[in-house]
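>>> Below are the sequence and a predicted model for it; my questions follow.
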Amino acid sequence: MTAEPTRLAYLDAMGLTAWTARYQLPNALATPVCDWPEQEAPQPVQARAGAESLHALLDDTAPKAAPNSEASPAAEASARSGRSQRKARALLGDIAPLEAEQEPGGNAAAGEVEAVPETAAESAEALRFECQVCCLDGRWLLMVAQSQPLDAECQRLLLNLLRAAGVQATQRPGFESLRWPLEEGLPVHQPLAEARQGLKAFVAGRRRRGWEPERVLLFGESEVLQSVVDAGDSDHSRSLALPLWQGPGLQELLGSAEAKRALWPRIQAWRQQWLGGAQQSD
């Protein structure tokens with residue numbers, strides 16, 4: 001059972017006020033006698049103060065090395081990387097766990113993200129990419145390799161492509177931007193592995209919104225994004241463990257009738273894939 005001082009410290013770190021009756025209420029037990037602290041004027045709180053205090057409190061409760069033990073530079077770098085990974089995950093919005101909980105068989109639970117192994121102590125340059133992401137009816141992960149949000153023309157073209165291919169979605173796709181790195185200045189040791197981990201954490205963290213992707217559709221060419229998705233020459237994303245389709249960007253399709261004609265034969269399989277996935281979910 002959590003001790004009362006520890007419980008109050010956690011509540012304070014999360015920005016929650018612990019209430020105690022100052023006066024005896026009707027038909028209630030008397031409040032234990034204590035010295036009431038003087039009330040101070042409320043101080044302005046930064047937007048992320050509560051979360052930062054909570055993370056600091058969690059870090060303080062983590063096991064620490066013995067005072068007389070000497071930490072190697074590699075161990076110190078690993079600890080710094082672990083803290084930076086926790087901070088990066090907090091910035092993902094819907095936080096995915098840092099260490100994937102292990103099932104009895106020893107495999108990580110579905111949807112959780114494996115930690116990046118530390119093999120180098122020196123910092124490296126982070127990979128950089130931007131894309132627009134949504135999950136069509138919670139089933140198909142749509143990724144558009146462009147930094148700016150989709151304008152009305154691009155959205156209309158995408159909807160027309162889906163309808164023409166026989167993909168009848170019940171909801172209009174709502175895109176959000178994904179930019180990597182999430183924050184500048186964080187130490188980087190394995191740029192590609194950490195970027196892949198960030199993509200998996202982004203998708204896994206949105207499962208609470210109903211995201212259960214069955215397939216990935218990637219529009220546009222981005223060498224960095226393609227390496228993060230980890231498709232190689234196949235039609236499968238090894239990073240997300242999902243079937244992958246890659247095609248031209250929406251801006252290219254808007255400006256080229258030839259590109260539209262060349263795309264038409266490639267999307268004929270979408271209808272069967274969409275219907276097949278729906279039958280499996282039923």
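Nice, I can see it. Numbering: from 1, shown residues only.
>>> what about residue 244, distance to residue 16?
Going from residue 244 to residue 16 by Cβ to Cβ, to the nearest Å gives 43 Å. (Each C-beta comes from the backbone N, C-alpha and C, glycine too.)
>>> do residue 29 as well
24 Å.
>>> Tell me which of these two has more neighbours.
Taking neighbours as other Cβ atoms under 10 Å, residue 29 and residue 16 compare with residue 16 leading, 11 against 8.
>>> in a helix, that's where the more buried one is, yeah?
No: per DSSP: H, G, I helix; E, B strand; the rest coil, residue 16 lies outside any helix segment and is coil.
>>> bridging residues for residue 180?
residue 129 (DSSP bridges).
>>> didn't it look like it was pressed against residue 129?
Yes: assessed by Cβ atoms under 8 Å, residue 180 is found in contact with residue 129 at 5.4 Å.
>>> what's the overlap in contacts for the two?
195, 228 (Cβ atoms under 8 Å, 6 or more residues apart in numbering).
>>> Pull the number of nearby residues for residue 147.
12.
>>> first to last residue in stretch 198-216, what's the distance?
With Cα to Cα, to the nearest Å as the measure, stretch 198-216 spans 16 Å from end to end.
>>> can you give me the mean pLDDT across that stretch?
Mean per-residue pLDDT for stretch 198-216: 93.
>>> Could you do stretch 156-174 as well?
Averaged over stretch 156-174, pLDDT sits at 94.
>>> quick one: terminal-to-terminal distance for that stretch?
Using Cα to Cα, the end-to-end distance of stretch 156-174 comes to 12 Å.
>>> Tell me who's in contact with residue 18.
By Cβ under 8 Å, 6+ apart, the neighbours of residue 18 are 7, 8, 11, 12.
>>> Can you give me the distance of it to residue 12?
Note on residue 18: its distance to residue 12, by Cβ to Cβ, is 8 Å.
>>> ok so residue 198 is a helix residue?
Yes: Residue 198 forms part of a helix when assessed by three-state DSSP.
>>> Can you verify my assumption that it contacts residue 186?
No: Residue 198 sits out of contact with residue 186 when judged by Cβ under 8 Å, with a separation of 10.7 Å.
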